[in-house]
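Here is the input, now give the coordinates:
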Amino acid sequence: VTPVRLASEPAPVPAPASPAASIRAERQVASGGEIPELPMKTPPVRLVAADCWSAGADSRSFSGTISMSGTTIHEQIGWRGGDRVIQTSVGDLRMCMTAEQMDRDGDSAPSAWIGGSRRVVLETRLPNDVRSMEIEQGAITWTVNGQARPVDAAASQWRDALLAVLDPIWEISRVRGTVSSLRGEISSILGERSSLRGEISSLRGELSSMRGEISSLRGQESSLRGEISSIRGQESSLRGMISSERGAISSLQASRWDSELDRNEIASRIGRHENEIRRIEAEIAKYDAAARVREVEREIAAFNVEAKVAAVEQRLRDFDIEARVAAVERQIADLGVERRIEALEKEIAAVDLPGRLAELEGQRDAALARLRSVLDG
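From the prediction side, this is the model:
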């Protein structure tokens with residue numbers, strides 16, 4: 001394969017072609033206009049830079065459909081920066097076209113790009129065959145395997161055959177994008193409704209939170225009252241120990257009439273129990289359950305649970321959950337979800353995606369066969 005020369009390299013000057021007024025394209029473009037004529041003239045001594053097929057190195061933002069492996073682009077159809085681009089491959093054949101600085105308001109097929117762009121590049125690549133055409137402000141450069149050629153009938157035939165393939169590929173992408181956009185609108189509408197329903201859930205959650213706040217306040221008061229019960233329980237436990245000691249003393253005193261027991265031993269045991277009673281009484285005095293209870297009761301009074309509960313209950317009344325929920329439900333009704341979705345589904349049905357795709361794919365396959373024939377010719 002002859003390597004493609006860069007623009008800076010010298011290129012052989014081709015022999016001038018025989019003059020002719022023009023070669024008119026045989027087919028009409030989808031927009032109803034004709035493909036611009038290719039004037040038969042000798043191209044300037046300049047070769048097309050190999051910039052049609054992007055391998056992923058272009059850092060400009062892309063919008064459209066794209067197929068990639070890692071950073072390598074296999075197919076892209078849409079916009080890269082301000083340029084329209086379509087590049088795709090079928091088997092060993094790679095095809096691409098770029099149009100610089102196109103009007104983004106339109107959505108014309110590739111065959112109409114030539115008349116609306118400052119610079120257009122078309123290219124086909126096979127393992128042993130690379131053909132490129134650059135059209136820049138009326139100047140046309142046509143190369144085959146890196147060699148400049150006269151812009152002749154073969155160039156026009158190649159161009160028309162390539163555009164005949166790219167047009168239905170572009171339209172397939174456009175139709176799929178239209179249906180995808182309509183389905184996206186449906187998702188967006190459903191998302192709006194879900195968001196509003198979530199707002200209702202949030203309102204009910206706030207209501208539950210305030211009710212939970214009341215429960216928490218009551219729980220804190222109950223916890224303080226539980227401390228009082230615990231204090232009194234501790235005092236009761238100590239007093240129960242005293243009762244137990246006194247019971248032991250009574251038992252010992254009753255045993256004094258039993259001749260088998262040593263009365264001195266009995267007196268000693270009674271003394272130990274009495275000492276234990278004094279120790280427990282001292283512990284009770286030190287524990288000072290009454291003072292502890294008074295301190296907790298002061299905390300309960302300061303906590304003022306009834307005032308706090310009343311404040312939360314007022315917030316609950318002011319929150320007016322039913323009015324708020326009703327307002328959101330009116331917003332949901334105003335969305336007209338079912339009506340809008342039904343209209344969008346009718347638009348999707350009108351596109352007839354399966355039928356339209358079958359038609360376009362048939363056009364693409366027939367055009368691809370013609371392009372293969374031109375490339376093999």
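
going forward, measure contacts and count neighbours with C-alpha atoms only.
Will do.

OK, contacts around residue 347?
residue 182 (C-alpha atoms under 8 Å, 6 or more residues apart in numbering).

For it, pull up the helix or strand it's in.
helix 337-351 (DSSP states H and E).

go on, residue 286?
Counting by DSSP H and E, the element that carries residue 286 is helix 263-287.

what's in contact with that helix?
Where contact means C-alpha under 8 Å, 6+ apart, the residues beyond helix 263-287 that reach it are 235, 238-239, 241-242, 245-246, 248-249, 252-253, 255-256.

Go again with 7 Å.
235, 238, 242, 245, 249, 252, 256 (C-alpha atoms under 7 Å, 6 or more residues apart in numbering).

lowest confidence element among the helices and strands of the protein?
Least confident helix or strand, the chain: strand 20-23 with a mean of 30, by mean pLDDT, DSSP states H and E.

now the end-to-end length of stretch 85-95.
Criterion C-alpha to C-alpha, to the nearest Å; first-to-last residue distance in stretch 85-95 is 11 Å.

Next, the buried residues of it.
In terms of neighbour count (16 or more other C-alpha atoms under 10 Å), stretch 85-95 has its buried residues at 85, 86, 87, 88, 94, 95.

Quick one: distance of that stretch to the chain centre.
Relative to the chain's own centre, stretch 85-95 is displaced by 30 Å; criterion: C-alpha atoms, centre = their mean, to the nearest Å.

Please enumerate the helices of this protein.
153-254, 263-287, 289-303, 305-319, 321-335, 337-351, 353-376 (DSSP state H).

would TSV of these with mean pLDDT and distance to residue 131 be doable?
What follows is the helices of the chain, written out as TSV (pLDDT from 0 to 100; distance: least, C-alpha to C-alpha, whole Å):
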stretch	mean pLDDT	distance to residue 131
helix 153-254	95	9
helix 263-287	91	103
helix 289-303	95	88
helix 305-319	95	73
helix 321-335	96	54
helix 337-351	96	36
helix 353-376	96	9
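
Those: which one's closest to residue 107?
Between residue 107 and the helices of the chain, the tightest spacing by C-alpha to C-alpha is seen for helix 153-254, at 8.4 Å.

now the angle from that closest one to helix 337-351?
150 degrees (axes from the mean of the first three to the mean of the last three C-alpha atoms, to 10 degrees).

now for helix 153-254, which elements pack on it?
Applying 3 or more C-alpha pairs under 7 Å, 6 or more residues apart in numbering; DSSP states H and E, we find helix 153-254 packed against helix 263-287, helix 289-303, helix 305-319, helix 321-335, helix 337-351, helix 353-376.

can you rerun that using 6 Å?
If contacts are counted by 3 or more C-alpha pairs under 6 Å, 6 or more residues apart in numbering; DSSP states H and E, helix 153-254 sits against helix 263-287, helix 353-376.

So for residue 136, which of the ones you listed sits nearest?
helix 353-376 (23.6 Å).

mind listing what's buried in that closest one?
So for helix 353-376, counting by 16+ other C-alpha under 10 Å, buried means 353, 357, 360, 361, 363, 364, 367, 368, 370, 371, 375.

Return the list of helices and strands in contact with that helix.
So helix 353-376, by 3+ C-alpha pairs under 6 Å, 6+ apart, packs with helix 153-254.

Distance from the helix it packs on to the middle of the chain?
Remark: helix 153-254 is offset 20 Å from the chain centroid, using C-alpha atoms, centre = their mean.

Ok, stretch 116-129 next?
Offset of stretch 116-129 from its chain centre (C-alpha atoms, centre = their mean): 36 Å.

Surely residue 87 touches residue 76?
Yes: contact criterion C-alpha atoms under 6 Å: residue 87 and residue 76 qualify, at 5.5 Å.

With respect to residue 308, which of the contacts of helix 263-287 is nearest?
The closest of the contacts of helix 263-287 to residue 308 turns out to be residue 235 (C-alpha to C-alpha; 32.1 Å).

how near is that closest one to residue 112?
99 Å.

ditto for residue 62
Distance of residue 62 to residue 112, computed by C-alpha to C-alpha: 21 Å.

With distance to residue 216 added, can I get the helices and strands packed on helix 153-254 in CSV?
Listed next are the helices and strands packed on helix 153-254 as CSV, based on distance: least, C-alpha to C-alpha, whole Å:
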stretch, distance to residue 216
helix 263-287, 30
helix 353-376, 59
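
And stretch 53-63, end to end?
The first-to-last residue distance of stretch 53-63 comes to 16 Å (C-alpha to C-alpha).

Now it: average pLDDT?
For stretch 53-63, mean pLDDT rounds to 67.

Please identify the buried residues of stretch 137-155?
140-153, 155.

farthest-separated two in the residues you listed?
Every pair of the buried residues of stretch 137-155 checked by C-alpha to C-alpha; the farthest is 146 and 153, at 18.7 Å.

which among the buried residues of stretch 85-95 gets closest to residue 176?
Of all the buried residues of stretch 85-95, residue 176 sits closest to residue 86, with 15.2 Å by C-alpha to C-alpha.

Mind listing the residues bridging to that closest one?
Bridge pairing for residue 86 (DSSP bridges) gives the partners residue 77, residue 97.
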